[in-house]
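Student: output the structure for:
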Amino acid sequence: MEIKTDICREVWHQYEKGLQYNNSIDLLETVELNENFFIGKQWEGVQSNGLPTPVFNFLKRVVLFCVATVTSENIKLSVSPLPSTNQLPTDFIERVAHIVNGQINAIVENNNLISMLREMMRNAAVDGDGATHTYFDPDVETGQAVKGAIKTEIIENTRVFFGNPQDRRVQKQPYIIISSRELLDEVRERAKENGSEEWALIKPDNNDNTARNLYEVDDKVTVLLRYRRDRKTGKIFACECTKDVVVREEWDTGLTLYPITWLNWDYRQDDYHGQAMISGLIPNQIFINKLFAMSMISLMTTAYPKVVYDKTRIKDWNSAVGAAIGVNGGDVNNVAKILDPAQISPQIAQFIQLAVEMTQTFLGATSVALGDTRPDNTSAIIALQRAAETPLEITKHNRNQCVEDLGRIYIDFMREYYGVRLVEITNPQTGQKETAEFDFSVLNYVPLSLKLDVGASAYWSEIASMQTLDNLLMNGQIDVVDYLERVPDGYISKKQELIDKIKQAQMQAAIGAGAPLNGVNSPIVDFAQPPEIVGGGGYRELQRAINETGVVP
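Tutor: Down below sits the predicted model:
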């Protein structure tokens, strides 16, 4: 019985082409080597021949420092309305943007995007590439009649195959395949739920690229998820299959963007795979480990003093503490001699230190940036730390672009899958937050622009912000509402409720006084009227000029 459908043959053939390309650039071997060196398995497959195998893993500290530097800034995705030619009311577009911003913030929080970005950047630094895959889970409870939530996951670069491997731009690909190794029973059950008549024919396969032991071979099967763009409609279609059986027939996702983001730590020309930061540092790590190993074996064999004695006069040497040694006559001056231990050149330790420091410096991980310098001058240290971070600005830009792409994917999913949901909006008349229904299909014709706000999150930033806000409030430059709206999260509990109460009290006071609120503590100044001149003791020139002319000079 022929069970191979045309789509299975097509997808599996495209998958094998991707594997051949990855094998041609030794991707699997490079990733495995880099991962081993990062976690400390730096003598894997090396014949030590009795030598000690020390590991002084300075690479991990450098990599984690660079990753932390790149991801140390707070990020916030926000949308803003674009000029529209369909004559939509401006206030309507602004309300839509406000609702979408709230939903994006919820998605970022639910997916723990900040931690996910750190993992993604770590993968890029060690493996060369970082990638995310976004999908819609229809079974997630939302507390409303409509179920479903947007989920984002990290995927390894060895599991992603581009249709055009010479182009790293995701949205320009003819198709993208994501492979995964899954339990056989789960895949069969999913295929059965999707209406497959051949679900029982799904068999475990031996994927040499991922299977590491017999357990994985017997219980696992390779599942391929392919996304492709339809040339006529521009929509994204997806299908899921194994080598022989379709798990889910091809369906129209309704998306206009591939739900995948891709990031290279460093670009390589004509290759969608990037260059890992750790790849060029492995020879330095090997060299340092070998120097330590040879220094250790030298210390173990020659560093301790040795006793040479005359066996014709002493039968056996007794090294016990306080033990007497018998000599058969003669002078005892030449019976035994202690050999001084060999000296190791101090240049070895100096060269090891120099190699480590130069490697770290070339990567921007200087002693100042790593915090290994005495803070005698705070301003100078901050300036040097910022200068050390300059080489990573390109990588930060790549990260920001990747997050912006992810935000556009979120909007694409909301437009297609959210439908009518209850959202929280602010009533423009009362200023109170209310719950109302919103149809997310309006995103099909409401133009929105996505931007990324990035702010420093160094340990002193929040303290400095609070000090500035306190000074502005005490000097009467801002009112309490402005102060509370700008206080960082976590300082005041139930902050929004407090803001709403103060606004309501101000509104009632303004209505009772018959005058609008000015929003600050200081009174409104009418600049069309001359300022009031306050007199003082003495008869000064300014007062005389005013009295004589009646005009303020």
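Student: ok, now which ones touch the spatially closest residue to residue 157 that is not a sequence neighbour?
Tutor: Closest residue to residue 157 apart from its sequence neighbours, by C-beta to C-beta, 6 or more residues apart in numbering: residue 129 at 3.6 Å. Glycine gets a C-beta too; all of them are placed from N, C-alpha and C. Shown in contact with residue 129 (C-beta atoms under 8 Å, 6 or more residues apart in numbering): 123, 157, 160, 262, 263, 264, 265, 272, 273, 274.
Student: give me the number of residues near residue 147?
Tutor: Residue 147 has 12 neighbours, counted by other C-beta atoms under 10 Å.
Student: residue contacts, the closest residue to residue 426 other than its chain neighbours?
Tutor: Closest residue to residue 426 apart from its sequence neighbours, by C-beta to C-beta, 6+ apart: residue 433 at 5.6 Å. Residues in contact with residue 433, defined by C-beta under 8 Å, 6+ apart, are 424, 425, 426, 427, 496, 500.
Student: any idea which of those residues is least confident?
Tutor: On pLDDT alone, residue 427 ranks lowest of the contacts of residue 433, at 67.
Student: can you pull the phi/psi pair for the residue nearest to residue 426?
Tutor: Backbone dihedrals for residue 433, given as degrees, to the nearest 10, come out at phi -90, psi 130.
Student: where does pLDDT dip in the protein?
Tutor: Along the chain, segments meeting pLDDT under 70 span 1-5, 48, 84-86, 207-218, 330, 361-391, 427-431, 452-464, 489-490, 513-553.
Student: residue 127 touches residue 156, doesn't it?
Tutor: Yes - here residue 127 reaches residue 156: they are 6.9 Å apart, a contact under C-beta atoms under 8 Å.
Student: what is in contact with those two at once?
Tutor: Common neighbours of residue 127 and residue 156 (C-beta under 8 Å, 6+ apart) are residue 31.
Student: comparing these two, which residue is more hemmed in?
Tutor: A count of neighbours by other C-beta under 10 Å puts residue 127 above the other of residue 127 and residue 156, at 26 against 14.
Student: for stretch 492-499, list every residue counted as buried.
Tutor: Buried residues in stretch 492-499, counted by 16 or more other C-beta atoms under 10 Å: residue 499.
Student: going forward can the numbers begin at 54, since that is how I track them
Tutor: New numbering, starting at 54: the last item is stretch 545-552.
Student: residues making contact with it?
Tutor: By C-beta under 8 Å, 6+ apart, stretch 545-552 touches 486, 534, 537, 538, 540, 542.
Student: any idea how far the first one is from residue 540?
Tutor: Okay, so that is residue 486. According to C-beta to C-beta, to the nearest Å, residue 486 and residue 540 sit 19 Å apart.
Student: sitting in helices, which of the contacts of stretch 545-552 do you find?
Tutor: Within these, residues falling in helices by DSSP state H are 534, 537, 538.
Student: now distance to residue 248 and neighbour count too, for these, in a markdown table please.
Tutor: Compiled in a markdown table, those are given as follows (distance: C-beta to C-beta, whole Å; neighbours: other C-beta atoms under 10 Å):
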| residue | distance to residue 248 | neighbour count |
| --- | --- | --- |
| 534 | 57 | 17 |
| 537 | 55 | 18 |
| 538 | 53 | 11 |
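Student: chain center to stretch 290-304: distance?
Tutor: 31 Å (C-alpha atoms, centre = their mean, to the nearest Å).
Student: what is the end-to-end distance of it?
Tutor: 6 Å (C-alpha to C-alpha, to the nearest Å).
Student: now it: buried residues?
Tutor: For stretch 290-304, using 16+ other C-beta under 10 Å, the buried residues are 290, 291, 292, 293, 294, 295, 296, 297, 298, 299, 300, 301.
Student: which strand or helix spans the second one?
Tutor: Looking back up the chat, that one is residue 291. Assessed by DSSP states H and E, residue 291 sits inside strand 289-294.
Student: can you give the strand pairings for that strand, parallel or anti for each?
Tutor: Paired neighbours of strand 289-294 in the sheet (DSSP bridges): strand 273-282 (antiparallel), strand 299-305 (antiparallel).
Student: what's the separation between the residue nearest to residue 210 and residue 287?
Tutor: Distance from residue 182 to residue 287, by C-beta to C-beta: 26 Å.
Student: next up, phi/psi of the residue nearest to residue 210, please.
Tutor: Torsion angles, degrees, to the nearest 10, at residue 182: phi -140, psi 150.
Student: how many residues are close by residue 201?
Tutor: The number of residues packed near residue 201 is 18, by other C-beta under 10 Å.
Student: list the contacts for it?
Tutor: The neighbourhood of residue 201, defined by C-beta under 8 Å, 6+ apart, consists of 189, 190, 191, 192, 193, 195, 470, 471.
Student: and the two most separated of the contacts of stretch 545-552?
Tutor: Within the contacts of stretch 545-552, 486 and 540 form the most distant pair, 18.6 Å apart (C-beta to C-beta).
Student: export stretch 194-204 to PDB, keeping only CA atoms.
Tutor: C-alpha atoms of stretch 194-204 as PDB (Å, rounded to 0.1, in the frame of the first residue of the first chain):
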ATOM      1  CA  GLU A 194      -8.400  29.800  28.900                       C
ATOM      2  CA  THR A 195      -8.800  33.600  28.800                       C
ATOM      3  CA  GLY A 196     -11.600  34.100  31.300                       C
ATOM      4  CA  GLN A 197     -13.900  35.000  28.400                       C
ATOM      5  CA  ALA A 198     -16.200  33.100  26.100                       C
ATOM      6  CA  VAL A 199     -13.400  33.200  23.400                       C
ATOM      7  CA  LYS A 200     -10.400  30.900  24.100                       C
ATOM      8  CA  GLY A 201      -6.900  31.000  22.700                       C
ATOM      9  CA  ALA A 202      -3.700  32.800  23.300                       C
ATOM     10  CA  ILE A 203      -0.600  33.700  21.300                       C
ATOM     11  CA  LYS A 204       2.500  31.600  22.300                       C
END
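Student: and it, what's buried?
Tutor: Those would be 201, 202, 203, for stretch 194-204 by 16+ other C-beta under 10 Å.
Student: list the contacts for the residue most central in space within the chain?
Tutor: Closest to where the C-alpha atoms of the chain average out (C-alpha atoms, centre = their mean) is residue 170, at 2.0 Å. If you count contacts by C-beta under 8 Å, 6+ apart, residue 170 has them with 124, 128, 452, 456.
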